[in-house]
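1. fold the following and give me the result.
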Amino acid sequence: MPHLLNWLYELVTRVLLALHAALAPAFGTSSGVTWGLSVVLLTVIVRILLFPLFVKQVRSQRAMTELAPKLKELQAKYKNDRERLGTETMALYREHGVNPFMGCLPILAQAPVFYALFHVLRYVSDHGSSKPPAGFHPEYGWTVSLLQSAGHAKVFGVPLALGFRTADRAPMFGADSTTVHVVTLLAILAMATTTFLTQRQLIVKNAAAGNPMAQQQKMLLYVLPPIFALSGLLWQMGVLVYWVTSNLWSLGQQHYIIRTMPIKGPGGTAPSGDQRRLTASTQAAAPVVIRRQQVTRPPRSKRSGRRPQRPGSAR
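-> Predicted coordinates:
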C-alpha cells in the first residue's frame, strides 16, 4: 500500500524542503534549528488549513450543549426503549444540524499528514546516516545532500529522524543514545501534558452541566494522554515536535474561539464582557451585614430585686 501514498509523502517532503530552503540563509543548511523550525512551520500550515474545521467543531459542541435539555426529555421519555431513543436523538441532531462526531474531525484530518511525516522521517533515518551506495536515487524529492543534512540535524541533541525506540542508532548520526532516550522522554511528557491541557480547556470552557458529551469528554481527558505517551515511544523526534506544536496551537486557538464565541446563557444570548465585569464587581462590592444576636435576660424578682436562680444552681 505505501506506493499508493507516494504522492502524499512527496507533498509533505516538498513542503518541508521549501520551508528548509527559506530558513537556510538565516540559520544554515545543516542546522538543527533550520530543520526543526521547518517541522514547526509545517505544523502551523496544517493547522491554518484546518481552522475552518475547528470552528465547525466548536459550533457543533455549543449546539450539543444547548440541546441538552431536549436530550434529557428524550432520555426520560424513552428510557425503556433504547432503539427508539437512538432514532429520536439522531432526528433531533439532524433537525438542528448537529454532528456528534464533529469533535473527532480535526484530529482525523491531521492523520494523513502525521503518517506521511512519520514515513518521511523513517526514510531519512534509513538513508541519511551515511553516504549512500553508487546508483542510489532518493525518492519524494530528496537529494543525497539534503538527506544527509536532515539525517544529522539535531534538536536538543537528538536527530529529528530518531526516537526512543531507535536510540541505539544514535552513534550513526553523531549523537549519544542516552541523550536520545532522555530528551525524547521529556518530549513525550510535554506532548502528553499539552494533550491533557488541551482537552481540559475544552471541557472546562465549553461543556455545561448536562451536556450529553461531557462524560465522553471527561473520559478522553484521562484516556488520550496515556495513549499518546505510549505511542510516542515509537515516534521520531520530528513527529514529537509536530504534536507538541500542534497542541500548543490548539491551546491558543481554543482560547481565542472561547473568548469570541461564548456559550449562550439561559436567555439564549451570551453575556458581554462588560456585563460579566459589572456582575462580578457588584457581587464584590455588596455590603456584608453582620447581625448581633441579642441575649434575653431573665426578669428581676419583684420582692428582692434579685434575678431568679436557675434550677439546680447553688444558693
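2. ok, and the closest non-adjacent residue to residue 88?
-> Excluding the flanking residues, the one nearest residue 88 by C-beta to C-beta, 6 or more residues apart in numbering is residue 74, at 5.2 Å. Any C-beta I mention is one placed from the backbone N, CA and C, and that applies to glycine too.
3. got phi/psi on the one you found?
-> Dihedral pair for residue 74: phi -60, psi -40, per degrees, to the nearest 10.
4. cool, residue 29 as well?
-> With angles defined as degrees, to the nearest 10, residue 29 sits at phi -70, psi -40.
5. once you drop chain neighbours, what's closest to it?
-> Once chain neighbours are set aside, the closest to residue 29 by C-beta to C-beta, 6+ apart is residue 149, at 6.0 Å.
6. which helix or strand contains that neighbour?
-> Residue 149 belongs to helix 144-152 when assigned by DSSP states H and E.
7. quick one: strands adjacent to the helix or strand following that helix?
-> Toward the C-terminus, helix 144-152 is succeeded by strand 154-155 as the next helix or strand (DSSP H and E). Sheet pairing of strand 154-155 (DSSP bridges) gives strand 158-159 (antiparallel).
8. how close does the residue nearest to residue 88 sit to residue 91?
-> 9 Å (C-beta to C-beta, to the nearest Å).
9. with residue 179 instead?
-> The value you get for residue 179 to residue 91, if C-beta to C-beta is used, is 58 Å.
10. quick one: which of residue 74 and residue 91 has more around it?
-> Taking other C-beta atoms under 10 Å, residue 74 and residue 91 do not tie; residue 74 has more neighbours (19 against 11).
11. helix, strand or coil for residue 138?
-> Following DSSP: H, G, I helix; E, B strand; the rest coil, the label given to residue 138 is coil.
12. and it, how many residues sit next to it?
-> 17.
13. which ones are touching it?
-> 127, 132, 144, 146, 147 (C-beta atoms under 8 Å, 6 or more residues apart in numbering).
14. how about the residues you listed in JSON lines, adding pLDDT, distance to residue 203 and neighbour count?
-> Formatted as JSON lines, the contacts of residue 138 follow (pLDDT from 0 to 100; distance: C-beta to C-beta, whole Å; neighbours: other C-beta atoms under 10 Å):
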{"residue": "127", "pLDDT": "87", "distance to residue 203": "44", "neighbour count": "19"}
{"residue": "132", "pLDDT": "73", "distance to residue 203": "49", "neighbour count": "15"}
{"residue": "144", "pLDDT": "90", "distance to residue 203": "49", "neighbour count": "14"}
{"residue": "146", "pLDDT": "93", "distance to residue 203": "43", "neighbour count": "21"}
{"residue": "147", "pLDDT": "92", "distance to residue 203": "43", "neighbour count": "22"}
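15. I'd like these as CSV, with distance to residue 29 appended.
-> CSV is the format used below for the contacts of residue 138 (distance: C-beta to C-beta, whole Å):
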residue, distance to residue 29
127, 18
132, 18
144, 14
146, 8
147, 13
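16. among these, which pair sits farthest apart?
-> 132 and 146 (12.2 Å; C-beta to C-beta).
17. alright, calling it a day.
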